[in-house]
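>>> Here is the input, now give the coordinates:
(chains A and B, ligands or ions: 3)
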Amino acid sequence: MKRQRLNSQESLKKYREALVKARDPNQKVITVCGGTGCIAYGCKKVVEAFKTELEKQGLTDKVKLLVTGCHGFCERGPLVVIRPENLFYQRVKAEDVPEVIEKTVKNGELIERLQYEGKDKKKILKEEDIPFYAKQQRTIFGFNGYVDPKSIDDYIAIGGYSALPKALLEMTSEKIIDEVKKSGLRGRGGGGFLTGAKWEICAAQADQTKYIVCNADEGDPGAYMDRSVLEGNPHSIIEGMLICAKAIGASHAYVYVRNEYPLAVENLGIAIEQARELGLLGKKILGSDVDFDITVNRGGGAFVCGEETALLNSLMGKTGEPHQKPPYPAISGLFGKPTIINNVETWANVPLIISKGSAWFASIGTEKSKGTKIFSLVGKINNTGLVEVPMGMTLREIVYDIGGGILKDKKFKAIQTGGPSGGCLPEEKLDLMVDFDKLTEAGSMMGSGGMIVMDESTCMVDLARYFIDFLKGESCGKCTPCREGLKQMSGILNRICDGNGTEADIETLKDMSETVKDASICALGGTAPNPVLSTIKYFRNEYEAHIRDKKCLAHTCKKLIKFEINQKCTGCTRCVKTCPTTAISGKVKTVHNIDQGKCIQCGVCVDRCPFEAIDVD
Amino acid sequence: MDNAKVDKIVEKHKKDSCQLIGILQDVQKVFNYLPKSALDHLAKKLDIPESQVYNVATFFKAFSLNPRGKHIVHVCMGTACHVRGAKRIMEDVARELSIPEAGGNTKDMEHTVEQVNCVGACALGPVIIYDGEYHGSMTPEKTLKLFKK
Ligand SMILES: Cc1cc2nc3c(=O)[nH]c(=O)nc-3n(C[C@H](O)[C@H](O)[C@H](O)COP(=O)(O)O)c2cc1C
Ligand code: FES
Ligand code: FES
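Ligands and ions are numbered 1, 2, ... in the order given. This next block holds a predicted model:
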């Protein structure tokens, strides 16, 4: 369908009214999550099955099928929500579809096996009553469940692009910046810099050409909210950038998307095309004097490229090496011009602040951290997924009330926040209120919002080694403290994990951490020692056990563990047959034996044994 | 003939050397890796030094200067997958395919295995991507099945 250009506030209003009028609020909608998590669980087949079945039953006119972006509760995918009642079905398979249509859609009957079961074994009917969702405040992420990301009309119908005419036609640049400043919005990409203050600096530059950049590199392993916002609601990002364009006087933006996110690139591309058709991108937008367009660039897969100066280099076709700041991008950025670079989630907040007002935004959160934050709650936790909560909620509420506690009722050991260069917080810190400053005080950081939960089976020394090895690999190599320092620290950590650590190693690690922190060019090196420092601070006993007793308390460091067969062995020979190094010997119905010289601690035998007859020590 | 393919990609990106990363991605899509001849030709076409092309091609993880196998397997080693046992999954893949634990090509060039840091499906860790298709909550058994089919 060729759309008509909207060239005034009035025409947008009419367009929206027509859309809303054509939509029945009581319309039966079958919402299927089409986010990456649910795709992995096979939701595409579910969508196909719904299409076929609706056609077969002649219901295509009566029932709408809506394929959306991620709903957040990925662990239970594929998710299906039936509106307007918000009936929630989880782990839906294609085979379930005819029954869903026949029973639930046509006759309002529930299918118990697809419902969510609460702790008390009671089935929960509605999406909003599920504990995972009940405590969240999904001001940004909630839209995902209501829009087809490939439809600009869906976004407009739920009130999208209503901040835009306000900003473009009713507000001055100063007023917009003032609102964003007053809201207290801080960047969601990690640094937590005040967004309004950054815009103000950029707006004050005299240059004719200025740029806007959306940082969608999301290099933080374990975090995927930027992906899900971009995939599920791309227009909110476009609207945020448009508002900034007016505020600082920019006419072009670049979105730098991770190479691993093809669906985000696709949906964003479609969104941009549709916005152009409606004239919401292009010249004289809505009759204002703002011209604006957006280019999408794909990243090449390097963690350091998420750092703003490295990202800008990479946008100019160079390697993604950071440079020393100042100059800050707001003064001299892309092609030497003043540039505003903000994170995906930061952008998504902007339209809400403009349409609902800074006071509304500032009423959520803590004194110095306003609004909500989306976290990626993953690791050894029952309800893994994306959660959006007001700043200031405690870790305990997030882990236990929303996350449903630790997998298999094991014991909580630590939660890692802030990405590879964040920190690990122990159980004593569970009552910490999560905001930018509190996390930093505790020796971790907000980062982009990864929250990785660990139980007793994670070795904290091995984890520190994992992060340092990761950062060593991702260091661009430009400055010596980061490049060489991390290499040395990795050497020491590997030595400790192998059981060859010495008493002096812990202090040496601490000393080196300080040097790397202080002397590196960019924040990659500047924060890289955090995982080492925080694990030494809170889990020093584990370091000491490796060094003094040559023991790994979590039983994961291979050089420090031994597999042995106990008396529960029935002599079934399963392990004998599967051991890849033929280290296990034994005859049928006699207790087997492991040749320690041949054993490579791969753990295949433990998985195979049905009798728990193999001990790890 | 190969040069013509490169030319087409360069045209698509309007000969803009700022698009170098995107151009390299498209070249890699066509050839499955970045052949030396294509890179040399690319430098000429874009009128930039070969060193810049190689600099970018070797900096980013997404690029491979060596030929790759028929099926591309990405094993996620990101933090969320790590704490749920990604290392063990990688070891199993390596053992099953007789390749080094760091990844690589199988002898028959059927598979190329690469370790990646987070593929953005962290709730389902450990994750393997087989020819672009996501497989979540991998266990050692599920992993072996993936290669047996
Ligand atoms: C090593 C490193 C990696 C970073 N990665 C990201 C990233 O993946 N996404 C992001 O938005 N910001 C990232 N940042 C932060 C950016 O440098 C920058 O602060 C941010 O894009 C600014 O936007 P904001 O104010 O909206 O947060 C990273 C910083 C460092 C030092
Ligand atoms: S992808 Fe479906 S809930 Fe996240
Ligand atoms: S850490 Fe493996 S998908 Fe994110």
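
>>> so A:Ala330 touches A:Ala203, yeah?
No - contact between A:Ala330 and A:Ala203 fails when scored by C-beta atoms under 8 Å: they sit 9.1 Å apart. Using the backbone N, CA and C atoms, a C-beta is placed for each residue, glycine as well.

>>> what are the ranges of the strands in the stretch 51-200 of chain A?
Taking DSSP state E, counting those that start in this stretch as the criterion, the stretch 51-200 of chain A carries its strands at A:63-68, A:80-83, A:87-89, A:116-117, A:123-124.

>>> For A:Asn342, find the nearest of the ones you listed.
For A:Asn342, the closest of the strands of the stretch 51-200 of chain A is strand A:63-68, at 24.6 Å, according to C-beta to C-beta.

>>> Determine the set of other helices and strands touching the closest one.
Identification of packing neighbours for strand A:63-68 by 3 or more C-beta pairs under 8 Å, 6 or more residues apart in numbering or on different chains; DSSP states H and E yields strand A:28-33, helix A:43-56.

>>> Sheet partners, orientation included, of that strand?
Strands flanking strand A:63-68 in the sheet, each with its direction: strand A:28-33 (parallel) (DSSP bridges).

>>> Once you drop chain neighbours, what's closest to A:Thr590?
The spatially closest residue to A:Thr590, leaving aside those adjacent along the chain, is A:Gly571, at 4.8 Å (C-beta to C-beta, 6 or more residues apart in numbering or on different chains).

>>> tell me the contacts of the one you found?
Residues in contact with A:Gly571, defined by C-beta atoms under 8 Å, 6 or more residues apart in numbering or on different chains, are A:Gly586, A:Lys587, A:Val588, A:Lys589, A:Thr590, A:Val591, A:His592.

>>> Could you identify which of the residues you listed has the most neighbours?
Highest neighbour count within those, by other C-beta atoms under 10 Å in any protein chain shown: A:His592, with 23 neighbours.

>>> circling back to that earlier point, nearest to A:Pro78, of the contacts of A:Gly571?
A:His592 (42.3 Å).

>>> Now do the contacts for that closest one.
For A:His592, the contacting residues are A:Ile565, A:Cys569, A:Gly571, A:Thr573, A:Cys575, A:Val576, A:Ile584, A:Ser585, A:Gly586, by C-beta under 8 Å, 6+ apart.

>>> For A:Val576, give its distance to A:Phe143.
Relative to A:Phe143, A:Val576 is positioned 56 Å away (criterion: C-beta to C-beta, to the nearest Å).

>>> now do B:Ala38
From B:Ala38 over to A:Phe143 the distance is 43 Å, taken as C-beta to C-beta.

>>> buried sites along stretch A:418-438?
In terms of neighbour count (16 or more other C-beta atoms under 10 Å in any protein chain shown), stretch A:418-438 has its buried residues at A:418-426, A:429-430, A:432, A:434-436, A:438.

>>> and it, what's its mean pLDDT?
Taken as a whole, stretch A:418-438 carries a mean pLDDT of 94.

>>> just stretch A:347-365 next, same as before
Computed over stretch A:347-365, the average pLDDT equals 98.

>>> near ligand 1 at all, it?
No - under the criterion of C-beta under 6 Å from any ligand atom, ligand 1 is not reached by stretch A:347-365; the shortest gap measures 7.5 Å.

>>> Which positions in that stretch come out as buried?
Neighbour counts using 16+ other C-beta under 10 Å place A:347-355, A:358, A:361-362, A:364-365 of stretch A:347-365 among the buried residues.

>>> for residue 36, phi and psi?
This is for chain A. phi -60, psi -40 (degrees, to the nearest 10).

>>> ah, no, chain B please
Per degrees, to the nearest 10, the residue geometry at B:Lys36, taken as phi and psi, is phi -60, psi -40.

>>> what sits against it?
For B:Lys36, the set of contacting residues under the criterion of C-beta under 8 Å, 6+ apart consists of B:Leu65.

>>> One more pass at 6 Å, please.
Taking C-beta atoms under 6 Å, 6 or more residues apart in numbering or on different chains as the definition of contact, B:Lys36 has no neighbours.
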